[in-house]
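Peer 1: Structure of the sequence below:
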Amino acid sequence: MRVIPLRCKRPVGREDLADYPGIQVMNPSLIAGKAHLEFAVSQAEAAFERGENISANPFVEAMLRASGQRQIQRAFELLGIGDAGESEVVVLAEGDARDFMEAFGCEAAEELLAMDRAKMERIMEAFGISADEISTLPLSEEEAILELVKERIALLNA
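Peer 2: Here you go, the predicted structure:
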């Protein structure tokens with residue numbers, strides 16, 4: 001699966017996704033960078049290989065892992081797109097998602113995966129990461145948050 005952050009001219013709504021079975025669309029607001037999603041995808045693939053997947057759908061499994069949740073509804077509440085649709089999205093795709101991008105007027109937008117103070121605080125709250133946890137790691141705050149998110153993902157197998 002490829003990770004493709006996109007800014008679209010037309011908002012992507014939930015009902016639109018039925019036409020694109022080879023992709024999963026997520027809201028980037030709680031994504032701690034590309035490495036976050038790449039790790040979630042690798043954990044989802046490994047879960048399927050071990051027969052420990054939670055969902056029968058690999059895209060939903062990747063979303064579960066990315067959200068650090070075992071419940072599909074909660075994963076979609078955290079990382080799914082809203083009812084009104086989203087113009088800024090991250091797509092997990094089996095291929096290049098060209099048809100999707102053309103349909104919604106999307107362009108690559110790597111900056112959507114960058115973390116600023118507000119995003120770090122949202123991620124800390126969503127993943128239950130404390131300032132004390134961050135301070136125990138010999139990393140920058142941004143790197144520590146990413147590592148702690150990855151830890152939450154890995155703990156889904158425990």
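
Peer 1: Now do the strands in the protein.
Peer 2: 2-12, 23-26, 86-93, 106-108 (DSSP state E).

Peer 1: Out of the ones you listed, which is closest to Leu64?
Peer 2: Nearest to Leu64, of all the strands of the chain, is strand 23-26, at 10.7 Å by CB to CB. All C-beta atoms are positioned from the backbone trio N, CA, C, and that covers glycine.

Peer 1: Now the closest one: buried residues?
Peer 2: For strand 23-26, the neighbour count (16 or more other CB atoms under 10 Å) marks Ile23, Gln24, Val25, Met26 as buried.

Peer 1: what helices or strands is that strand leaning on?
Peer 2: Secondary-structure packing of strand 23-26 (3 or more CB pairs under 8 Å, 6 or more residues apart in numbering; DSSP states H and E): helix 58-67, strand 86-93.

Peer 1: Let's see it as CSV, backbone CA atoms only.
Peer 2: Extracted in CSV, the C-alpha atoms of strand 23-26 (Å, rounded to 0.1, in the frame of the first residue of the first chain):
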residue,chain,number,x,y,z
ILE,A,23,-8.1,2.8,-1.5
GLN,A,24,-8.7,3.9,2.1
VAL,A,25,-9.1,7.6,2.8
MET,A,26,-8.1,9.1,6.2
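
Peer 1: Provide the strand pairings for it, with the direction of each partner.
Peer 2: Note on strand 23-26: by DSSP bridges, its sheet partners are strand 86-93 (antiparallel).

Peer 1: Quick check: which ranges of this protein have low pLDDT?
Peer 2: The model of the chain has pLDDT under 70 over residues 158.

Peer 1: quick one: Leu156 and Gln71 touch, right?
Peer 2: No. With contact defined as CB atoms under 8 Å, Leu156 does not count as touching Gln71 (11.0 Å).

Peer 1: These two: which has the busier surroundings?
Peer 2: Legend: neighbour count by other CB atoms under 10 Å for Leu156 and Gln71, higher for Leu156 (19 against 11).
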